[in-house]
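Trainee: from the sequence below, what's the structure:
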Amino acid sequence: MLNKVFLIGRLTRDPEIRFLPSGSQVTSFTIAVNRPYRVNNEWKEETYFFDIESFGMLAERLGKQLNKGTQILIEGQLRQDRWETASGEKRTKIKVVADRVNIISGKPQEKPVEKEEEPELDITTEPEDFSSDEDVPF
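Mentor: Residues are numbered from 1 along each chain as shown. This next block holds a predicted model:
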């Protein structure tokens, strides 16, 4: 059986971080994915929302790097959670469990981060001559 999902979307809110009893981190977030389509030569757009979960080292990295508005590419699998409410009703929810996540861009209106100036190299001194073998111990 094959269970593989690829999605590109933007985070709708900052990630939620929690920890399992084992101490492993779980990072959860929701992404919005737009689907453009045409009706009678007029373009329209639908938005779908997907809940994403990541575990372990990936969850730790995502919890630090992601925030609302970040555009990401997710490779993962579908998982169906099942539970019963207090009144006895059966419920299900489909989530995506992320295996890999690539950050495509930051927030849409985010100002570019100014690059720090690199220190200038001191090239006023003469380079040392290493052509002599006199100091070689063998």
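
Trainee: and the strands in this protein?
Mentor: For the chain, applying DSSP state E gives strands covering 5-11, 16-19, 25-39, 42-55, 71-84, 90-105.

Trainee: buried deepest among the ones you listed, which one?
Mentor: Stretch with highest mean neighbour count among these: strand 5-11 (a mean of 16; mean count of other CB atoms under 10 Å). C-beta: built from backbone N, CA, C; applies to glycine.

Trainee: ok, it: who's next to it in the sheet?
Mentor: Sheet neighbours of strand 5-11, with direction, are listed as strand 25-39 (antiparallel), strand 71-84 (antiparallel) (DSSP bridges).

Trainee: how about these, which one is nearest Val5?
Mentor: Taking CB to CB as the measure, the strands paired with strand 5-11 were each checked against Val5, and strand 71-84 came out nearest at 5.3 Å.

Trainee: mean confidence for that closest one?
Mentor: With pLDDT averaged residue by residue, strand 71-84 scores 95.

Trainee: need the residues that contact that strand.
Mentor: Residues outside strand 71-84 that contact it (CB atoms under 8 Å, 6 or more residues apart in numbering) are 3-11, 31, 52-53, 66, 90-106, 108.

Trainee: so the residue sitting nearest the centre point of the chain versus Gly76, what's the distance?
Mentor: Residue closest to the average C-alpha location in the chain (CA atoms, centre = their mean): Val101, at 4.4 Å. Shown here: Val101 relative to Gly76, a distance of 8 Å by CB to CB, to the nearest Å.

Trainee: can you check Phe55 too?
Mentor: Computed as CB to CB, the Phe55 to Gly76 distance reads 11 Å.

Trainee: between these two, what contacts are shared?
Mentor: Taking CB under 8 Å, 6+ apart as the contact rule, Phe55 and Gly76 both touch Val97.

Trainee: what bridges to Glu46?
Mentor: Beta bridges link Glu46 to Arg35 when assigned by DSSP bridges.

Trainee: surely it meets Asn34?
Mentor: Yes: shown here, Glu46 and Asn34 form a contact pair, counting by CB atoms under 8 Å, at 7.3 Å.

Trainee: returning to what we had before: just grab the bridge partners of the residue nearest to the centre of the chain for me.
Mentor: As assigned using DSSP bridges, the partners bridged with Val101 are Ile74.
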